[in-house]
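Peer 1: dropping a prediction and its sequence here:
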Amino acid sequence: MTRILLVSGSLRQGSVNTAVIATVRRILTAHRPVVATADLDLRALPYYDEDVDAVDGSRSVREARALVESADALFISTPSYNGEAPGVLKNALDWLSRPWLDSVLTGKPVAVVTASSGPKAGAEADPGLRSVLKRAGAVLVDHVPVAIGNLEELPPGAPGFTVPSVVAPLESLVTATLAQRAPLLRRRSASAL
């Protein structure tokens with residue numbers, strides 16, 4: 001079974017990014033029983049502290065790392081705060097990227113989408129987030145950038161969005177994510193032999 005870990009970069013109640021993640025979950029359910037999803041709760045992670053990390057002292061971090069380790073791919077939807085991904089998302093990636101070049105993110109396929117209520121669609125956050133993920137050793141899903149704007153003007157469905165202009169690019173990115181994780185899984189299985 002393929003496991004996709006879903007991450008909303010926004011903590012806000014009623015967040016459009018959380019609605020995007022709900023839309024992705026709905027799209028992925030069409031692939032059941034082949035695909036299972038889980039969510040990474042960014043609220044549970046403390047601020048990154050190398051001293052705490054050195055003694056493996058945070059249960060919430062160990063649980064987050066185990067979730068990422070067990071996932072075949074990650075799917076992140078993020079807003080832009082002052083032109084970058086939110087600090088809470090960067091904090092999570094700081095925890096998940098340790099130990100350097102041998103972390104749970106190393107070699108892990110990650111799909112990125114930006115979304116916002118405004119016309120810029122959070123697209124300013126995309127380059128910085130991609131840079132952090134690459135430095136952490138993640139493998140970005142090969143797909144044109146997906147940025148979805150003016151979302152608060154759209155009627156949400158249950159759950160997430162049902163408008164074709166939102167669903168179509170997300171379906172395309174989900175398809176690319178599922179296609180990209182397959183070769184990595186084969187390599188991982190072959191190296192275990």
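Peer 2: Nice, I can see it. Here the structure is a predicted model, which is why all the values come from computation and not from measurement.

Peer 1: count of neighbours near residue 28?
Peer 2: The tally of other residues near residue 28 (other CB atoms under 10 Å) stands at 22. Bear in mind the C-beta positions are built from the backbone N, C-alpha and C, glycine included.

Peer 1: element containing it, please.
Peer 2: Take DSSP states H and E as the rule and residue 28 turns out to sit in helix 16-29.

Peer 1: for that helix, packing partners?
Peer 2: Judged by 3 or more CB pairs under 8 Å, 6 or more residues apart in numbering; DSSP states H and E, helix 16-29 is in contact with strand 2-8, strand 35-39, strand 73-78, strand 109-115, helix 164-192.

Peer 1: between these, which one is nearest to residue 145?
Peer 2: Closest of those to residue 145 is strand 109-115, at 7.6 Å (criterion: CB to CB).

Peer 1: helices or strands next to the closest one in the packing?
Peer 2: Using 3+ CB pairs under 8 Å, 6+ apart, strand 109-115 is in contact with helix 16-29, strand 73-78, helix 125-135, strand 139-140, strand 146-148, helix 164-192.

Peer 1: and the contacts of the third one?
Peer 2: This points to helix 125-135. 9, 76, 78-81, 83-85, 89-90, 93, 97, 105, 110, 112, 114, 140, 145, 147 (CB atoms under 8 Å, 6 or more residues apart in numbering).

Peer 1: okay, buried residues for that helix please.
Peer 2: 125-126, 129-130, 132-133 (16 or more other CB atoms under 10 Å).

Peer 1: columns pLDDT and distance to residue 65 on top of those residues, output as CSV?
Peer 2: Below are the buried residues of helix 125-135 laid out as CSV (pLDDT from 0 to 100; distance: CB to CB, whole Å):
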residue, pLDDT, distance to residue 65
125, 97, 24
126, 97, 25
129, 98, 19
130, 98, 21
132, 97, 17
133, 98, 16
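
Peer 1: which residues of the chain score low on pLDDT?
Peer 2: The model of the chain has pLDDT under 70 over residues 155-158, 182-193.

Peer 1: re the thing from before, filter the contacts of helix 125-135 to the buried ones?
Peer 2: Looks like the contacts of helix 125-135 have 9, 76, 78-81, 84-85, 89-90, 93, 97, 105, 110, 112, 114, 147 buried, using 16+ other CB under 10 Å.

Peer 1: which residues touch the residue nearest the centre of the chain?
Peer 2: The residue lying closest to the centre of the chain (CA atoms, centre = their mean) is residue 76, at 2.2 Å. Counting by CB under 8 Å, 6+ apart, residue 76 makes contact with 7, 9, 89, 110-113, 129.

Peer 1: quick check, nearest of the residues you listed to residue 173?
Peer 2: Of the contacts of residue 76, the one sitting nearest to residue 173 (CB to CB) turns out to be residue 111, at 5.3 Å.

Peer 1: any figure for the gap between that closest one and residue 98?
Peer 2: From residue 111 over to residue 98 the distance is 22 Å, taken as CB to CB, to the nearest Å.

Peer 1: that'll do, ta.
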